[in-house]
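Chemist: please find the sequence and the predicted model below.
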Amino acid sequence: MKAILRKTNTTAGKAKISTLKIGMTYDVKSGYIARPDDPPDASAEFDRPETINMISESIQSLGFEAVKIGNSRDLLNKINNLDVDIVFNIAEGVTGRNRESEVPVILEMMGMPFIGSDGLSLALGLDKVMAKKVFIAENIPTPRFFTTDDAKANLYQLENLNFPLIVKPQYEGSSKGMSESSKVDNIEQLRKQISYIVKTYKQPAIIEEFISGSEYTVAIIGNKNPEVFHPVQIEIEGELDLGDKFYTFERVSRNAPLRYICNENMDKTLKDKLMVLALKTYRAVDCRDFGRVDFRVDKKGNPYVLEINPLPALSSADVFMCLADYLKIPYKEMIRRILDAAFQRYGMI
Ligand SMILES: Nc1ncnc2c1ncn2[C@@H]1O[C@H](COP(=O)(O)OP(=O)(O)OP(=O)(O)O)[C@@H](O)[C@H]1O
Ligand SMILES: [Mg+2]
């Protein structure tokens, strides 16, 4: 990709050529101001400064200028004097199920191009129940589920589900609210966990059939002809055949017992199935530029989409870095591909 040149008028009225300025919106863990009734994992979705720096250095080394803007509030404060051509948005937002849409909606309102999905796809991806309704409408396999904010209700929906079940907050990411108690084997455990989620996260719980087996995630970059990457398998505590093991917040925080594996010898049928389904899911929620689809695969090899992440983590410990290593390309090449996808979408290249 060539550096895109832009023309700006200097105050003297003379044309000046400079490289494209890419603004960056993000939430950093250190900038989070905890509230008194926050759960312990309240800032889990936010990025570390190192990740912001890694992306900004990649942008600069690709020949552009990176301009750090900050989070949605910083964006609002700076919006009238924003001197950028496009914004790379990885801001998670702070409250409610529309939080990831805050930045995209402001940018859309101002007519500012931005890299990544728009507000609707981001909110849909964050709300697991809304996303699953779309999956079902599109015949995308996803674990059977129901949602409730009442642990004392008669839970008639259980007629259609088989234990074990897994209980998650309806609109959180980064394994927030996930612990060993999230997998429940009976109605007493279920009621206790629903009550915990509703009280702690102040939102309904989504209750799904637990898929015992293995876990994969598939990353995608692009729009019209997206690049669907090799499925990345999740290893927990040295096991690929996870059985009943799953991501918990504790495991994610310790990081060590979790590994992303790219196995080029993986079963071809499963690989094809996962890649086709990932793309179908990406398109179902109108994802743009980049995204990631999470799967569990049962013991018979049937894949189930757990969720779509239209704003997947780009940190050095995450899937895009693992794929860069697998493909023997530098991390900045991944960033270049994401930028290219957005530039093409806007007809900038
Ligand atoms: N139905 C299920 N069956 C088995 N395990 C599940 C199921 N749903 C979730 N899990 C486990 O819980 C983890 C977190 O669930 P999920 O991906 O839905 O939420 P998340 O917190 O948004 O994830 P992320 O960390 O990718 O943002 C999964 O990676 C998986 O290990
Ligand atoms: Mg997930």
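Modeler: Alright, I've got the coordinates. Ligands and ions are numbered 1, 2, ... in the order given.
Chemist: quick check: pLDDT value at the residue in the stretch 51-200 of the chain positioned nearest to ligand 1.
Modeler: With Cβ to the nearest ligand atom as the measure, residue 173 is the residue of the stretch 51-200 of the chain nearest to ligand 1, at 3.5 Å. Every C-beta, even on glycine, is put in place using the N, C-alpha and C of the backbone. Residue 173 is assigned 87 on the pLDDT scale.
Chemist: same question for residue 99.
Modeler: The predicted local confidence for residue 99 is 96.
Chemist: so what's the residue count around the residue lying closest to it once chain neighbours are set aside?
Modeler: Leaving aside its sequence neighbours, residue 99 sits nearest to residue 93 (Cβ to Cβ, 6 or more residues apart in numbering; 2.7 Å). For residue 93, the neighbour count with other Cβ atoms under 10 Å is 22.
Chemist: what's near enough to touch residue 93?
Modeler: Counting by Cβ atoms under 8 Å, 6 or more residues apart in numbering, residue 93 touches 27, 71-72, 99-103.
Chemist: residues making contact with the biggest helix by length in the chain?
Modeler: Counting residues, the longest helix found in the chain (DSSP state H) is helix 268-284. Here helix 268-284 makes contact (Cβ under 8 Å, 6+ apart) with 134-135, 138, 140-141, 216, 218, 220, 226, 228, 230-231, 291, 293, 295, 297, 301, 303, 305, 308.
Chemist: among those residues, which ones are buried?
Modeler: Among the contacts of helix 268-284, those classed as buried by 16 or more other Cβ atoms under 10 Å are 134-135, 140, 216, 218, 220, 226, 228, 230-231, 291, 293, 295, 297, 303, 305, 308.
Chemist: among the residues you listed, which ones are in strands?
Modeler: Among the buried ones among the contacts of helix 268-284, the members falling in strands (DSSP state E) are 216, 218, 220, 228, 291, 293, 295, 297, 303, 305, 308.
Chemist: excluding its backbone neighbours, what's nearest the fifth one?
Modeler: Meaning residue 291. residue 310 (4.9 Å).
Chemist: what residues does the stretch 201-349 of the chain put near ligand 1?
Modeler: Listed as neighbours of ligand 1 in the stretch 201-349 of the chain under the rule Cβ under 6 Å from any ligand atom: 208, 210-211, 215, 246-247, 294, 296, 306-307, 309.
Chemist: ok, the stretch 1-150 of the chain next?
Modeler: residue 143.
Chemist: dump the contacts of residue 93 to JSON lines, plus neighbour count.
Modeler: Shown next, in JSON lines, are the contacts of residue 93 (neighbours: other Cβ atoms under 10 Å):
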{"residue": "27", "neighbour count": "25"}
{"residue": "71", "neighbour count": "20"}
{"residue": "72", "neighbour count": "24"}
{"residue": "99", "neighbour count": "19"}
{"residue": "100", "neighbour count": "30"}
{"residue": "101", "neighbour count": "23"}
{"residue": "102", "neighbour count": "26"}
{"residue": "103", "neighbour count": "29"}
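Chemist: so for the residue nearest to residue 99, what's the pLDDT?
Modeler: Per-residue pLDDT puts residue 93 at 91.
Chemist: assign a three-state SS to it, would you?
Modeler: coil (DSSP: H, G, I helix; E, B strand; the rest coil).
Chemist: tell me the backbone dihedrals of it, please.
Modeler: phi 80, psi 170 (degrees, to the nearest 10).
Chemist: how close does residue 283 get to residue 20?
Modeler: Separation of residue 283 from residue 20 (Cβ to Cβ, to the nearest Å): 28 Å.
Chemist: pLDDT of the helix or strand where residue 124 lies, averaged?
Modeler: Using DSSP states H and E, residue 124 maps to helix 119-126. Helix 119-126 shows a mean pLDDT of 98.
Chemist: okay, strands next: where are they in the stretch 101-250 of the chain?
Modeler: Along the stretch 101-250 of the chain, the stretches classed as strands by DSSP state E, counting those that start in this stretch are 114-115, 145-148, 165-169, 183-184, 205-209, 213-221, 227-228, 232-236.
Chemist: CA-only coordinates of the second one, as CSV, when you get a sec.
Modeler: Read it as strand 145-148. C-alpha atoms of strand 145-148 as CSV (Å, rounded to 0.1, in the frame of the first residue of the first chain):
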residue,chain,number,x,y,z
PHE,A,145,-30.3,-20.4,25.1
PHE,A,146,-32.7,-18.1,27.0
THR,A,147,-32.3,-14.9,28.9
THR,A,148,-33.7,-13.7,32.2
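Chemist: having no further points to raise, I will conclude here.
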